[in-house]
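Asker: Only the shape, not the letters, is given here:
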């Protein structure tokens, strides 16, 4: 014991006991583990002793041929296996406990033994995913069909303790399905999908339905399984029935999660989007379910389905726009940040040339998007709402009857700190000559363009787009009078005075806008007296002169000098 000077007396006695190969019960070992400091050498020796003990128990179980001895052996095994120590369960599986239990299960028809063996199997499979994976490779082909057979018997025959056995078998299948590598293998077992589909038809307790839905949700997460589940004659129907009608919140949650994962595959999206019952179920879950995770999964499923271009018109027009209404409500009222973010993402996905006008025409959609873009407490939700709004606007035809309503919503959303992308829409719309006069008269639009073109909170690209939009609007003769105001001129002066290389486009656009405003003779006196404007034009004149002397080629006429002279004449 001099090798271990820091050990207590009890720890030294334990090492002597282990070294003498004296049989130690697992209960004593557990007590010692709890009361002593587990260091590496001691831990190894404890596991060696545990290994000997479990081998002894399993050998006794395997030797038992008469019923009384088997029940006694299974009872002892259950007493040892019923714990939540993952490392001990790993040892149990490594020693072949599941092999022996499955063998005994396959050899018995006794209802008490069936119940106890199913319980013991559930216990040993509380192991780590690595241990479950390794064991499944060895016993999976035998154990899964056996469990499915027992499960069917428990559900259809009058069997003692059937409810308990159903729970334990469902838990074992759940432990298998948690291992991602096993999901595709499980789905290929004959009868697996039929057994899972009985979740909506068998008389199961709520806990059993939740467990089975968890297994379905896990299998739905495997890419290989998605199309198989969709094509199965009854499994998807059962999932939809649970999602729509089950009274258990947990069962509905995992049904919603399953639909979300199934909708994430391009191979399943078209079929799912054309399933009326499925869409109606997602809408119901997204709007009415009290559990926020369930609502989030349903909204995410709709977002996934909207990713496919072929599905967008179908989703927007389904049942008079009920999908749009559900997403609008989720975005505006859901307390879960993720649900609101997903709802905005779904609306973004839905927007395209074919659907934009329909979405704009849906009552309240634009108002909700613009309001959320400003007031939502979550920055990411604000950004996604702005993105949805800009995508709808970009896809909206210029001749739309809802054009002004759309532009008003953009003006509202533009005051958001997360309004990146909106200036680009203003720029594109302002290029339409037929709409320039109408756009310039939208309340607040000129003010927001002036703010965007000069505000520190905006990116250089946003500033350039805003200034370009102003420049395009000044190209309309009817706009020049109303645009010659203090706010616009202040923004133009700031732009005209920019001298860094990266701001050349903004500066040139500002100068062009000033030149166009000055073509309206009645504007010149007001412009000439505007603070800083003459200085800005003088600088522009100087730059043009230097450029001309240097022989540089200009893409547009040099008009700064003429502009300066015309403004000086009216003073």
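Answerer: Here it is on my side, so go on. Keep in mind that this is a model prediction, so the values were computed, not measured.
Asker: Show me where the stretch 251-400 of the chain has its helices.
Answerer: 269-273, 276-288, 292-305, 309-317, 322-333, 337-350, 356-361, 365-375, 379-395 (DSSP state H, counting those that start in this stretch).
Asker: can you redo the ones you listed as CSV with distance to residue 196?
Answerer: (Glycine included, C-beta is placed from N, CA and C.) Formatted as CSV, the helices of the stretch 251-400 of the chain follow (distance: least, CB to CB, whole Å):
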stretch, distance to residue 196
helix 269-273, 18
helix 276-288, 17
helix 292-305, 18
helix 309-317, 27
helix 322-333, 28
helix 337-350, 27
helix 356-361, 37
helix 365-375, 38
helix 379-395, 35
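Asker: To residue 101, which of those lies closest?
Answerer: Evaluated over these, closeness to residue 101 peaks at helix 292-305, with 34.8 Å, by CB to CB.
Asker: care to break this structure down by domain?
Answerer: 44-190, 436-571 (automatic domain parsing).
Asker: Helix, strand or coil: sort out the residue nearest to residue 383 when sequence neighbours are not counted for me.
Answerer: The shortest distance from residue 383 to any non-neighbouring residue, by CB to CB, 6 or more residues apart in numbering, is to residue 418 (4.4 Å). Secondary structure state of residue 418, per DSSP: H, G, I helix; E, B strand; the rest coil, is coil.
Asker: Might you report the residue contacts of the residue lying closest to residue 232 once chain neighbours are set aside?
Answerer: Nearest in space to residue 232, with sequence neighbours left out and distances taken as CB to CB, 6+ apart, is residue 193 at 5.0 Å. In this structure, residue 193 makes contact with 187, 228-229, 232, 234-235, judged by CB atoms under 8 Å, 6 or more residues apart in numbering.
Asker: most neighbours, which of those residues?
Answerer: residue 235 (26 neighbours; other CB atoms under 10 Å).
Asker: Just the strands from this protein, written as ranges.
Answerer: For the chain, no strands are identified by DSSP state E.
Asker: counting residues per helix, which one in it is longest?
Answerer: helix 129-156 (DSSP state H).
Asker: Now do it: distance to the chain's middle.
Answerer: Its chain's C-alpha centre and that of helix 129-156 lie 32 Å apart, by CA atoms, centre = their mean, to the nearest Å.
Asker: could you give me the average pLDDT of it?
Answerer: For helix 129-156, mean pLDDT is 93.
Asker: One more: stretch 343-360?
Answerer: Rounded mean pLDDT across stretch 343-360 is 96.
Asker: Quick check: end-to-end length of that stretch?
Answerer: 16 Å (CA to CA, to the nearest Å).
Asker: To what extent is residue 328 buried, counted in neighbours?
Answerer: Using other CB under 10 Å as the criterion, the residues surrounding residue 328 number 24.
Asker: Could you point out which residue ranges in the chain have low pLDDT?
Answerer: Along the chain, segments meeting pLDDT under 70 span 1-66, 547-561, 569-571.
Asker: at 80 instead, please
Answerer: Across the chain, the ranges flagged by pLDDT under 80 are 1-70, 73, 76, 157-158, 500-502, 540, 542-571.
Asker: Tell me how far residue 123 lies from residue 75.
Answerer: Using CB to CB, to the nearest Å, residue 123 is found at 12 Å from residue 75.
Asker: So for the two, which sits in the more crowded spot?
Answerer: For residue 123 and residue 75, the more surrounded residue by other CB under 10 Å is residue 123, and the numbers stand at 24 against 12.
Asker: Test my guess that that one contacts residue 82.
Answerer: Yes - between residue 123 and residue 82 there is a contact at 5.3 Å, judged by CB atoms under 8 Å.
Asker: list residues touching both of these two?
Answerer: Contacts common to residue 123 and residue 82, judged by CB under 8 Å, 6+ apart, are absent.
Asker: For burial, what's the neighbour tally of residue 230?
Answerer: 20.
Asker: Would you confirm that it contacts residue 268?
Answerer: Yes - taking CB under 8 Å as the definition, residue 230 is a contact partner of residue 268 at 4.8 Å.
Asker: who touches both of those two?
Answerer: Common neighbours of residue 230 and residue 268 (CB under 8 Å, 6+ apart) are residue 262.
Asker: Show me which parts of stretch 316-329 are buried, residue by residue.
Answerer: Neighbour counts using 16 or more other CB atoms under 10 Å place 316, 318, 321-329 of stretch 316-329 among the buried residues.
Asker: how about the helices of the stretch 101-250 of the chain, start to end?
Answerer: 111-124, 129-156, 162-177, 183-187, 192-197, 206-220, 223-231, 235-245, 249-262.
Asker: Buried deepest among those, which one?
Answerer: helix 249-262 (a mean of 26; mean count of other CB atoms under 10 Å).
Asker: Could you list every helix and strand in contact with that helix?
Answerer: Under the contact criterion of 3 or more CB pairs under 8 Å, 6 or more residues apart in numbering; DSSP states H and E, helix 249-262 touches helix 206-220, helix 223-231, helix 235-245, helix 276-288, helix 292-305.
Asker: Okay, angle between the fourth one and helix 249-262 too, please.
Answerer: I take that to be helix 276-288. Counting by axes from the mean of the first three to the mean of the last three CA atoms, to 10 degrees, helix 276-288 lies at 120 degrees to helix 249-262.
Asker: what residues does helix 276-288 touch?
Answerer: So helix 276-288 is in contact with 236, 240, 243-244, 252, 256, 259, 272-273, 294-295, 297-299, 301-302, 315, 318-319, 322-323, 325-327, 329-330, 339, going by CB under 8 Å, 6+ apart.
Asker: mind listing what's buried in that helix?
Answerer: Within helix 276-288, judged by 16+ other CB under 10 Å, the buried ones are 278-287.
Asker: between it and helix 292-305, how big is the angle?
Answerer: Going by the same axes, to 10 degrees, helix 276-288 makes 140 degrees with helix 292-305.
Asker: Run the chain-centre distance for helix 276-288.
Answerer: With CA atoms, centre = their mean, you get 18 Å for helix 276-288.
Asker: From here on, call the first residue 12.
Answerer: Taking 12 as the first residue, the last one we looked at is helix 287-299.
Asker: So for residue 509, what's the nearest residue that isn't a sequence neighbour?
Answerer: residue 518 (4.4 Å).
Asker: what sits against the one you found?
Answerer: 506-510.
Asker: Which of these has the largest number of neighbours?
Answerer: residue 506 (28 neighbours).
Asker: Residue 474 reaches residue 517, doesn't it?
Answerer: Yes - Residue 474 is within contact range of residue 517, at 5.7 Å (criterion: CB under 8 Å).
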